[in-house]
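# Next come a sequence and a model predicted from it.
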Amino acid sequence: MPTSVVRDVAQASQVQKAMSVLSPPNTFGVLRTLDRNGGQLPSSAFADAMPWMGAKLSPRLGAMETAGLLSRSRFGKESIVAMTEAGRDALRLQLPITRWASAHQSAPETGTGLGAYTEQALASLNLTHTVATLWALAGEGESVYPSEIQDLVLPEGVHPSALYRRLAQMESAGLVEREGEFRNYMYGLTQSGRDLMEPVEALARWAERHVPAAGADREVPTVPRVQAPVARPVAPSPVSAPAAAQPSPAAAAAARAQAATVRSTTTVLSFSHQAPPQAAPLVTASAPARHR
């Protein structure tokens, strides 16, 4: 897997927003209809071009206009719907997304063609923290304990159980695999999860161009630059201290598992793949036996 597709996890919310914009049903159907008609079409002509939408057409056009995928203008008494640059760029996302979906998901229940595959795939992935979890696992390159990536995936103040729930759902979707023992589970990407990096990277590029980043409209305060003091060179000691002994791979793995267990104990008690252990029945002390 090329490392170029592993991005800063801080960009994940921008990609999730892109999924929310593009995943509603018939979004790509509207864009493809406009594309087949030279990029624009009178509103009245949509009823004939997409008769199956009925009363759902007008709200979809309004939502897509708000999202910047299309624009509407008046020409006499007629309203003209035109595809924007964001809409044209969105059509190019269909191929990588459909290529992944056709290999790792079932056929769409409704609709046919690239648009149906694309919308179904985006809808199934449009869950909070999914992209951040994918990037965090891809960046590690190996199976990890959830507690080792929760600071990367979850915003401050979000309970760690949110990551456990998302990992469980991604496991059911075939994106991650779980190994290890109860309370010491490790997670890594499956082949499906690794293949998903390409379409997610395409989504990230689209989001960079057409989805405002969180807090982009806020004024960033300027911080005065402070000149760092120049450190004086220190003469090397004639006698060097002996290098610390490196732990064996088995000892390092045991220490890693212990650290993950300590951090995630309370989280696993609140959420687990298995039913929580039942408390032992309370046994009261019986009255002392009488001396014979």
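In hand now; what should we look at? A quick note: this is a predicted structure, and the numbers were derived from the prediction, not measured.
# you'd agree residue 153 is up against residue 131?
No - the criterion here is C-beta atoms under 8 Å, and residue 153 misses it with residue 131 at 9.5 Å. Where C-beta positions appear, they are placed from N, C-alpha and C, glycine not excepted.
# the more surrounded of these two?
Between residue 153 and residue 131, counted using other C-beta atoms under 10 Å, the more crowded position is residue 131 (27 against 24).
# I'd like the mean pLDDT over the helix or strand where the more buried one lies, please.
Assigned by DSSP states H and E, residue 131 belongs to helix 130-140. For helix 130-140, mean pLDDT is 94.
# And it, what's buried?
With burial defined by 16 or more other C-beta atoms under 10 Å, the residues of helix 130-140 counted as buried are 130-138, 140.
# go on, stretch 60-71?
60-61, 64, 67-70.
# ok and the one helix or strand residue 19 maps to relative to helix 130-140, angle-wise?
Element membership of residue 19, judged by DSSP H and E, is helix 12-22. On the basis of axes from the mean of the first three to the mean of the last three C-alpha atoms, to 10 degrees, helix 12-22 is oriented at 140 degrees to helix 130-140.
# Against which helices or strands is helix 12-22 packed?
Here helix 12-22 touches helix 113-125, helix 130-140, helix 197-210, going by 3 or more C-beta pairs under 8 Å, 6 or more residues apart in numbering; DSSP states H and E.
# from what I can see residue 14 touches residue 210, true?
No - Residue 14 is not in contact with residue 210 according to C-beta under 8 Å; the separation is 10.0 Å.
# Would you state the helices of the stretch 1-150 of the chain in chain order?
Under the criterion DSSP state H, counting those that start in this stretch, the stretch 1-150 of the chain carries helices at the ranges 12-22, 27-36, 43-49, 57-66, 85-91, 94-104, 113-125, 130-140, 146-153.
# Pull out the buried positions in the third one.
The one in question is helix 43-49. Neighbour count says helix 43-49 has residue 46 buried, by 16+ other C-beta under 10 Å.
# tell me which strands and helices that helix is in contact with?
helix 27-36, helix 57-66, strand 78-83.
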